[in-house]
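> the sequence isn't on hand, but the structure is:
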């Protein structure tokens, strides 16, 4: 059995009374791209900073690359590449000087590979960091994280500030790391950034790991939406208690139904009245994410009439007449 | 590895230290240049004053009032202010600027980060003091004075050790709290209180109490006249060493802020 790249058990961090990270049991396999998802403030960065020994756990422990977080942090940091959230660099150094500084601090960095990375990301290394756009600063951070071909990349919100073309290159680079047998731990608050590359996803909410699932499995379990338009108003409780329905909202002749699993029962119920129009939406991780993330008790009433998820983005919507 | 950290630290501090050193050197040069003519005037003013008041005014040192002001007021205040600012921003400043999160993710221990920063500050203070001494010594050569290069070197060395002690105190508070504003205000406050107590307590006939102040060990032995006072330098070194140990222990233990 290959060793897990990251393994934590009961990892907990309190700031005063606030549990920023609350008993996280995490296992990231060697050679996978693991998406670590959660909204801002959910505890992603705190977890990462515990892994790097920048914060000390209140309780629990963990290993990175088989090494104890606390005892062997130096050896861990030799083998990882890290990009912090909201990256700050020394404003008076140029991009090149910044990379040189971190490369010399590490030792053994192949500068030809640095140039290759800079070229691929289209990064400008000539000017002072203080004069860069946030996108170019982020590129410097990425080069710095990738340059020594680390066994584990820990990237905290790496997409911020990158334009779509560069994001594509970045995702290629992540796949190459995986093909190389190395591991990526990728944190994000946006699922769409992660679902294209990640093998598995862990969702963190209020410091707790809510779910860890394969991305394709999550998609299969995804909550989907059907919007019905009727010829005349239908009862508000039409979809109450129907198998698989997570939430339904009825306004006169319009109904929006969120469901998981089979569509059959939903359709059977829907067709007890005359449907004149129907929209369906493809599974979107955004919705799964919100379903895991939302405070269910705030939003659901016993009859399931209340709208449970907020996304109104209707990408991938298809239109059936 | 830590050489790289030290080089980085020195690059960061170079300009500030050189500018401050040149300003002090220039000031010292011209102060000494005009001191000959002023000394007589000030001596007439202060000749009937008690010894402790003369010490407070600064007219009881060789070279008289101007040299006294330079050595007991201007240069130490400039050096200590620089030391406090550099010390408090060394570790805590990187946390405020959030560059610490990248730095501490590199394969370097916190002790190495802190040691490199402490060495960088110490070398900057040495450079500032050396430039100051050069300014004084040149003026001494050019214009002549009751001072000797050796006496000047001893006085400057005492000031250097005072600066090192306060830099270490500021570094320790910054390393313990991660907050540069707290570090600079606390260490700066201690420096001012210690300065005032060293200057004022002898006036009130409480000279013994002034020995609690680090300033006493920088100025009290009158190094311009008497040369190096090794026990006094030892006290300042001990103070700095204790502060450094506290800095390392506190910095290794706590959560980093940024």
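Right, received. Where do you want to start? Everything numeric in this text was worked out from a predicted model, so none of it was measured. Numbers count the residues shown, from 1 in each chain, chains lettered A, B, ... in the order given.

> so how far is the first residue of stretch A:103-119 from its last?
This stretch, stretch A:103-119, spans 17 Å end to end (CA to CA, to the nearest Å).

> for residue B:138, which non-adjacent residue is spatially closest?
Leaving aside its chain neighbours, residue B:138 sits nearest to residue B:29 (6.0 Å; criterion: CB to CB, 6 or more residues apart in numbering or on different chains). C-beta: built from backbone N, CA, C; applies to glycine.

> can you tell me how far that neighbour sits from residue B:131?
According to CB to CB, to the nearest Å, residue B:29 stands 11 Å off from residue B:131.

> quick one, which of the two is more surrounded?
Per other CB atoms under 10 Å in any protein chain shown, whichever of residue B:29 and residue B:131 has more neighbours is residue B:131, with 22 against 19.

> point out the residues in the stretch 51-200 of chain B that sit beside chain A.
B:97-99, B:101-102, B:104-109 (CB under 8 Å from any CB of the partner chain).

> residue of the stretch 151-300 of chain A closest to chain B, please.
Residue of the stretch 151-300 of chain A nearest chain B, by CB to the nearest CB: residue A:154 (8.4 Å).

> and for that residue, the neighbour number?
28.

> doesn't it fall inside a helix?
No: read with DSSP: H, G, I helix; E, B strand; the rest coil, residue A:154 is strand and lies in no helix.

> my read is that it contacts residue A:185, right?
Yes: between residue A:154 and residue A:185 there is a contact under CB atoms under 8 Å: 4.8 Å.

> identify the contacts common to those two.
Taking CB atoms under 8 Å, 6 or more residues apart in numbering or on different chains as the contact rule, residue A:154 and residue A:185 both touch residue A:48.

> low-scoring stretches of the chain, by residue?
Unless you meant another one, I'm taking chain A. For chain A, applying pLDDT under 70 flags the ranges A:1-2, A:222, A:282-321.

> look at chain B instead
Within chain B, the ranges that satisfy pLDDT under 70 run B:1-2, B:36-43, B:55-64.

> where does it get nearest to chain A, which residue?
Residue of chain B nearest chain A, by CB to the nearest CB: residue B:98 (3.8 Å).

> list the contacts for the residue in the stretch 1-150 of chain A positioned nearest to chain B?
Residue nearest to chain B within the stretch 1-150 of chain A (CB to the nearest CB): residue A:88, separated by 3.8 Å. Counting by CB under 8 Å, 6+ apart, residue A:88 touches B:97-99, B:101-102, B:258.

> and it, helix, strand or coil?
Here residue A:88 takes the coil state, with states given by three-state DSSP.

> quick one on the thing from earlier: list buried residues within the contacts of residue A:88.
B:97-99, B:101-102, B:258 (16 or more other CB atoms under 10 Å in any protein chain shown).

> quick one: name whatever helix or strand follows the lengthiest helix in chain A.
Scanning chain A for the longest helix, with DSSP state H as the assignment, gives helix A:164-179. Elements were assigned by DSSP states H and E; along the chain past helix A:164-179, the next helix or strand is strand A:183-188.

> other SSEs contacting that following strand?
Judged by 3 or more CB pairs under 8 Å, 6 or more residues apart in numbering or on different chains; DSSP states H and E, strand A:183-188 is in contact with strand A:4-15, strand A:18-29, strand A:33-37, helix A:44-51, strand A:152-156, helix A:164-179.

> right, and those - which one's nearest residue A:281?
strand A:33-37 (20.2 Å; CB to CB).

> in that closest one, what's buried?
Using 16+ other CB under 10 Å as the test for burial, strand A:33-37 gives A:33-37.

> in a markdown table, list the residues you listed along with distance to residue A:199.
Converted to a markdown table, these look like this (distance: CB to CB, whole Å):
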| residue | distance to residue A:199 |
| --- | --- |
| A:33 | 5 |
| A:34 | 7 |
| A:35 | 8 |
| A:36 | 12 |
| A:37 | 13 |
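
> tell me the centre residue of chain A?
Nearest residue to the geometric centre of chain A (CA atoms, centre = their mean): residue A:37, 3.2 Å.

> that one and residue A:191, how far apart?
Distance, residue A:37 to residue A:191, by CB to CB: 6 Å.

> repeat for residue B:8
Computed as CB to CB, the residue B:8 to residue A:191 distance reads 39 Å.

> one more: residue B:105?
According to CB to CB, residue B:105 and residue A:191 sit 26 Å apart.

> what about these two, which has more around it?
Neighbour count, other CB under 10 Å: between residue B:105 and residue A:191, residue B:105 has more, with 25 against 22.

> hang on, isn't the more buried one packed against residue A:51?
No: using CB under 8 Å, residue B:105 is not in contact with residue A:51; the gap is 10.0 Å.

> beta partners of the closest residue to residue A:266 other than its chain neighbours?
Once flanking residues are discounted, residue A:266 sits nearest to residue A:259: 5.1 Å by CB to CB, 6+ apart. Under DSSP bridges, the beta-bridge partners of residue A:259 are residue A:224, residue A:245.

> tell me how far the top helix by length along chain B is from the chain's mean position?
Taking DSSP H as the criterion, chain B has its longest helix at helix B:2-46. Relative to its chain's centre, helix B:2-46 lies at 11 Å (CA atoms, centre = their mean, to the nearest Å).

> how about stretch A:251-269?
Relative to its parent chain, stretch A:251-269 has a centroid offset of 29 Å by CA atoms, centre = their mean.

> end to end on it, go ahead and measure it.
End-to-end distance for stretch A:251-269: 16 Å, by CA to CA.

> stretch A:14-34 too?
End-to-end for stretch A:14-34, by CA to CA: 25 Å.

> OK, contacts around the residue nearest the centre of chain B?
Nearest to the geometric centre of chain B sits residue B:163, at 2.1 Å (CA atoms, centre = their mean). By CB under 8 Å, 6+ apart, the contact set of residue B:163 is B:76, B:79-80, B:82-83, B:125, B:128-129.
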